[in-house]
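*Asks:* dropping the sequence and predicted coords here.
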Amino acid sequence: MSLPADLCLNQLVKNIDIKVATFNLFNYLEPPFAYYDFDRIYSSEQWDKKQRWIVDYLDEFQPDVIGFQEVFSPDSLRDLVQDAGYPYFAVVDQAEVVDDFIYRSPVVALASRYPINQIASPRPDLAVASEIGLGDDFSFSRKVVRATVALPHIGECDCYVVHFKSKRPMLEHENDGELSLEKNIIEKLKAQVVGGWGSTIQRGSEAALLMLNMIERREESGLPMMLMGDFNNTLADGVLTHLITDDLRFVHKSDSELFLAKYLLKDAWDLYQTTGNDTDGVIRKATHYFGETSSVLDYILLSSEFDACCHSSLFEVSKYETYDRHLINPIFERDGESTDHGIVSITLLLRQ
């Protein structure tokens, strides 16, 4: 389905803001298929409830471009969002199926009200991966979607959707009945220490090699960039900070600033703080809760075209929202089949 050309043109002229969201769907799999284990299957009532919850969010917040994670059933999602007013859809992979009906390895996708002119799946530079000790068979744990979307006023923009490697340890120890309780605990500890670090290496490497690909693409095309998704990590703890690198070692600051701004990504939250909006005292909401801890795992990063501090920028971040009612104050009848993540959305306002 596509919109008539004259209707698209009218929308491009009239719209002075663009809304972007990133949405972890949490095991989006149409029954009668199962996710991960044979007994994890939605009933028809549960599935309908999950579908309605997604549509209710879209109806209320009206994002124009939305990146999805944890998609097992992309065809079902495509149909759902098309009916909700999103005629353009991008996906580059499919989930793994074992035993005919058990699904693993969900994928990412992007839906848009505006035309998608190109869809691609960026690949890591294997030569570089080998140089930094990752091996020449390195791959992203989940394929990345790059959708080049024709946005109002700014034109084509490369929109990337990611779901970086989770913190679940790569190695696990199953209890061995022949071992003592202490020995089993020691083996679990060893697996967690080494396996957790392995996941961290994978996650940080995915981000670094994707950023390398984005820089090369930007150098070639000159197009604006958005990077959105579930990062499975905060930006602040060092594992993913290279995504928002803003200086170069051993290069004079005046020299680097002349060229570096074009290739930088900035956190939409930070850009929102600099726009002059009434943000004093506003605290960034967590997007994920685990036990008694909470953290921001879901992000939208933007290139300089959306940075109000850049004189040549066309848009600024006028609103930043984290939808978390289903996490903070859930009502089963409404939120029983929702998601375990908050949904981050931003509004980009055309600068006058």
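*Replies:* Great, that's in hand. Fair warning: this is a prediction, and the values are worked out from it, not measured in the lab. Residues are numbered from 1 along each chain as shown.
*Asks:* quick check: what element follows the helix or strand of the chain with the lowest mean pLDDT along the chain?
*Replies:* Ranked by mean pLDDT, DSSP states H and E, the weakest helix or strand in the chain is helix 5-14, scoring a mean of 50. Stepping forward along the backbone from helix 5-14, the first helix or strand reached (DSSP states H and E) is strand 17-28.
*Asks:* list the buried residues of that next one.
*Replies:* The neighbour-count check on strand 17-28 (16 or more other Cβ atoms under 10 Å) flags 18-25, 27-28 as buried. All C-beta spots, glycine's among them, are computed from the backbone N, C-alpha and C.
*Asks:* so what does it touch, helix or strand wise?
*Replies:* Packing contacts for strand 17-28, counted by 3 or more Cβ pairs under 8 Å, 6 or more residues apart in numbering; DSSP states H and E, involve helix 44-61, strand 65-71, helix 74-83, strand 155-163, strand 225-230, strand 298-302, strand 343-350.
*Asks:* one more time with 7 Å, if that's ok
*Replies:* Applying 3 or more Cβ pairs under 7 Å, 6 or more residues apart in numbering; DSSP states H and E, we find strand 17-28 packed against strand 65-71, strand 225-230, strand 298-302, strand 343-350.
*Asks:* let me have those strands in CSV, extended by mean pLDDT, distance to residue 241 and mean neighbour count.
*Replies:* As requested, the helices and strands packed on strand 17-28 are exported to CSV (pLDDT from 0 to 100; distance: least, Cβ to Cβ, whole Å; neighbours: other Cβ atoms under 10 Å):
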stretch, mean pLDDT, distance to residue 241, mean neighbour count
strand 65-71, 98, 21, 27
strand 225-230, 98, 14, 27
strand 298-302, 98, 12, 25
strand 343-350, 97, 19, 23
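*Asks:* could those go into TSV alongside distance to residue 329?
*Replies:* Formatted as TSV, the entries for those read as follows, by distance: least, Cβ to Cβ, whole Å:
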stretch	distance to residue 329
strand 65-71	23
strand 225-230	22
strand 298-302	19
strand 343-350	15
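*Asks:* nearest to residue 122, of those strands?
*Replies:* strand 225-230 (10.8 Å; Cβ to Cβ).
*Asks:* show me what that closest one pairs with in its sheet, parallel or antiparallel.
*Replies:* Strand 225-230 has the following sheet partners, assigned by DSSP bridges: strand 155-163 (parallel), strand 298-302 (antiparallel).
*Asks:* just the CA trace of the first one, in PDB.
*Replies:* Provided in PDB are the C-alpha atoms of strand 155-163 (Å, rounded to 0.1, in the frame of the first residue of the first chain):
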ATOM      1  CA  GLY A 155      14.300  15.000   2.600                       C
ATOM      2  CA  GLU A 156      15.900  11.500   2.800                       C
ATOM      3  CA  CYS A 157      17.100  10.400   6.200                       C
ATOM      4  CA  ASP A 158      18.900   7.200   7.100                       C
ATOM      5  CA  CYS A 159      16.900   5.600  10.000                       C
ATOM      6  CA  TYR A 160      18.700   2.700  11.800                       C
ATOM      7  CA  VAL A 161      16.900   0.300  14.100                       C
ATOM      8  CA  VAL A 162      19.000  -1.900  16.500                       C
ATOM      9  CA  HIS A 163      18.600  -4.400  19.300                       C
END
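*Asks:* residues in contact with that strand?
*Replies:* When contacts are taken as Cβ atoms under 7 Å, 6 or more residues apart in numbering, the neighbours of strand 155-163 outside the stretch itself are 65, 67, 69, 108-110, 117, 142, 144-151, 210, 214, 217, 223-230.
*Asks:* list the buried residues of it.
*Replies:* When neighbours are counted by 16+ other Cβ under 10 Å, the buried residues of strand 155-163 are found to be 156-163.
*Asks:* other SSEs contacting the next helix or strand after it?
*Replies:* Using DSSP H and E, the helix or strand that follows strand 155-163 in sequence is helix 181-221. Judged by 3+ Cβ pairs under 7 Å, 6+ apart, helix 181-221 is in contact with helix 126-131, strand 155-163.
*Asks:* using a markdown table, lay out these together with distance to residue 333.
*Replies:* Listed next are the helices and strands packed on helix 181-221 as a markdown table, based on distance: least, Cβ to Cβ, whole Å:
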| stretch | distance to residue 333 |
| --- | --- |
| helix 126-131 | 48 |
| strand 155-163 | 29 |
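*Asks:* out of these, flag the one nearest residue 82.
*Replies:* Distances from residue 82 to each of the helices and strands packed on helix 181-221 were compared using Cβ to Cβ; the shortest belongs to strand 155-163, at 17.6 Å.
*Asks:* distance of the residue nearest to the spatial centre of the chain relative to residue 21?
*Replies:* Within the chain, one residue has its C-alpha closest to the average C-alpha position: by Cα atoms, centre = their mean, that is residue 229, at 0.7 Å. Between residue 229 and residue 21 the distance, using Cβ to Cβ, to the nearest Å, works out to 11 Å.
*Asks:* before we move on, back to that, is the residue nearest to the centre of the chain bridged to anything, and to what?
*Replies:* Under DSSP bridges, the residues paired with residue 229 across the bridge are residue 162, residue 299.
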